[in-house]
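J.: Following is a predicted model, sequence given first.
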Amino acid sequence: MASYFLSCVRSRAGLFAKAIPKPRPLTTTVPARTVFTWHPSTEADQVSYPPEDVFRAGVRHHHICNTAWPIAHNTTIKPYRVPRYREQKEIKETLQGAYGSLTDMMLYAHVPFCQTRCQFCEYTVVDPKQGKLDPVHRSYTDALLDEFRLYDEVVDTKSKNLVGFDIGGGTPSLPSWREIERIMNAAHKHFKFDPEKVEVSIETTPKIAGSDPEKIKAYYKMGIRRISMGLQTTDFKQAKTLGRDDANASADYLHKAVENIRAAGFQSFNIDLMYGFPLSKRVADPWLQTVRDTVALGPDHITLYRMRYKGTKMAHLADTVNLAQVNEQEGIARQALTEAGYVGMIGKNTFSKKGSGCSDYLDKRVVKAVPYLGYGLGAQSFSHYTLQYNLGAVTKRMEQYVRSLELGRIPVQDLYHLSRPAAVAKMVSVSFYYGGIDLVAFKDIFKMSLEEMFGPEMEFLQAKGLMQYQPGDRFQMTALGKKHFGGVVALFYSPAVKKHILNLKGGETFPVDVVAALDTKHAPTAYDGPQIRQPAMHL
């Protein structure tokens, strides 16, 4: 397979001229639509379900019901898929309708390389055997820059203000810093982009940051001002079982990494941690010690990610981790971080000593749902009307993505022209990264208030003490709501997805009915009582 990637490099020098035709010029004159709006809803997205039943299903399937909407996309949003033909006429028209009139937008650039693929990874990462090769890195960046050019031709990105920009992965700091500089230069070329006004963020690992200080300095010099280090755990025995030992390396690397990041000039430094792993009865849970160790490193922000098992090498272990465990781990981490001076609103997973703690890209994506394009292998894009995944999102392989761009074609795997309920579900699911919904942004985008669209659901949530209105026009989770995160977020899913989880077998069962337990203001696992009833099938 490595020979294929090297052939991609050679083909750009003309050695593959007979095998790969010359790129076809894109037709940028697309028939204008007077109004581009949401796709008409399918029958499945016009049904309502009792909030109590949806809540029960969401809590029962708490490993599935999270911010990663859609669920079961092959059935729930498949009717909204835009046809993918060779000339891409329908795709170009849809993209132009969704992004063409925007003045502000954001960008995510995906770099799918890692030293190893961690057991817990759900993201698009190529085989590390190929992903470590410098020629592969250069070939991939070549393709990424072609994607910048193609989108500029279709939606005129040069006219757009870039108000958020993240470079993620994978491990974007694995390739030479010069590849990242090429990506930064492309953003300058194809957008209205001022790094002094936009906090660009990049991800790294302890080993890279600790061993390559010049690379970290180069990032700061090129205008990147936020850096996030994926640590996940400071228990190195646990790290090894998770396939993480190469990234974490040792405690020495951790301290050297912090030293190098601060010496480079970064004043917005985040560390990612992860909880919700299976626990051994023979070994004490290392989670609280991990949080304390991380606090001692002195980052500006600490982000807690709950393990999401779907699509990982650990998917078969999901049922070994119950809701009581993840709630307890989140609770003790929140207490420890609060005592250490880190602030995070209930439901938000980033705790900070200054500002929001998140990059401009994530902050605007979560709070105001500012549309963004995702460039790179398997990258996701979202506008107020569309959801898109690039080639490689399923296969985790570069061949088709690179070839599509060499042929002058936008590397789309799936583009969905969403109904309003589906677009709402995506927007709100992401909003729950911060544990709530911005009511002004919601109404501005969807031309209806949250109350108009989710009246019974909001009444249920308030009556049970799960969410409440807060100053600043927010509808926010309470501490009780956070303990039932899956049930709360499921209430805002599109009806087709609600039907899917209502009919989904399995999940965690509890000794009490989860709705009845809400009246005690505690999570259901804290009490004994009658067995949870299984709702009838929803057809």
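T.: The structure has been received and is ready for your questions.

J.: for the stretch 401-539 of the chain, what spans make up the helices?
T.: 420-431, 439-446, 450-453, 455-463, 479-483, 485-490, 495-503, 514-518 (DSSP state H, counting those that start in this stretch).

J.: low-confidence ranges in the stretch 201-350 of the chain?
T.: Within the stretch 201-350 of the chain, the stretches with pLDDT under 70 are 239, 244-249.

J.: nope, the stretch 401-539 of the chain is what I meant
T.: 522-539.

J.: make it 80
T.: Where the stretch 401-539 of the chain drops to pLDDT under 80, the residues are 521-539.

J.: taking the helices of the stretch 401-539 of the chain together, which one is wrapped up most tightly?
T.: helix 485-490 (a mean of 26; mean count of other C-beta atoms under 10 Å). Glycine gets a C-beta too; all of them are placed from N, C-alpha and C.

J.: Helices along the stretch 151-300 of the chain, start to end?
T.: Per DSSP H, counting those that start in this stretch, the stretch 151-300 of the chain carries helices over the ranges 177-190, 206-211, 213-221, 236-241, 245-248, 251-264, 287-297.

J.: winner for burial among these?
T.: helix 206-211 (a mean of 22).

J.: Identify all contacting residues around it.
T.: The list of residues contacting helix 206-211 from outside it, by C-beta atoms under 8 Å, 6 or more residues apart in numbering, reads 115, 171, 173-174, 215-216, 227, 229, 231, 246-249, 252-258, 260-261.

J.: Give me the distance between the nearest residue to residue 320 once chain neighbours are set aside and residue 314.
T.: Of all residues not flanking residue 320 in the chain, residue 278 sits nearest, at 4.6 Å (C-beta to C-beta, 6 or more residues apart in numbering). To residue 314, residue 278 is 8 Å away according to C-beta to C-beta, to the nearest Å.

J.: do the same with residue 407
T.: 37 Å.

J.: what about the two, which has more around it?
T.: Between residue 407 and residue 314, counted using other C-beta atoms under 10 Å, the more crowded position is residue 314 (21 against 15).

J.: just the strands in the chain please.
T.: Using DSSP state E, the strands assigned to the chain run over residues 104-111, 161-169, 200-204, 224-232, 268-275, 301-306, 350-352, 372-375, 380-382, 386-390, 412-417, 436-438, 467-470, 474-477.

J.: Can you tell me the closest non-neighbouring residue to residue 462?
T.: residue 468 (6.4 Å).

J.: Tell me who's in contact with the one you found.
T.: Applying C-beta under 8 Å, 6+ apart, one finds that residue 468 lies in contact with 462, 475, 476, 478.

J.: List only those of the residues you listed flagged as buried.
T.: Applying 16 or more other C-beta atoms under 10 Å to those, the neighbour count classes 475, 476, 478 as buried.

J.: pLDDT value on residue 114, please?
T.: Looking at residue 114, its pLDDT is 87.

J.: and what of the one 4 residues further on?
T.: According to the model's per-residue confidence, residue 118 sits at a pLDDT of 68.

J.: Same check on residue 396?
T.: On the pLDDT scale, residue 396 gets 88.

J.: That one: neighbour count?
T.: Neighbourhood size, residue 396 [other C-beta under 10 Å]: 15.

J.: same deal with residue 46?
T.: 12.

J.: try residue 117
T.: 18.

J.: Please apply the same query to residue 104.
T.: 14.

J.: next one: residue 470
T.: 15.

J.: which residues touch it?
T.: Residue 470 neighbours (C-beta under 8 Å, 6+ apart): 436, 476.

J.: Identify the bridge partners of it.
T.: residue 474 (DSSP bridges).

J.: Distance-wise, check it relative to residue 430.
T.: 19 Å.

J.: try residue 150
T.: The value you get for residue 150 to residue 430, if C-beta to C-beta is used, is 26 Å.

J.: Quick check: which of the helices of the stretch 401-539 of the chain is nearest to residue 70?
T.: helix 495-503 (6.2 Å; C-beta to C-beta).
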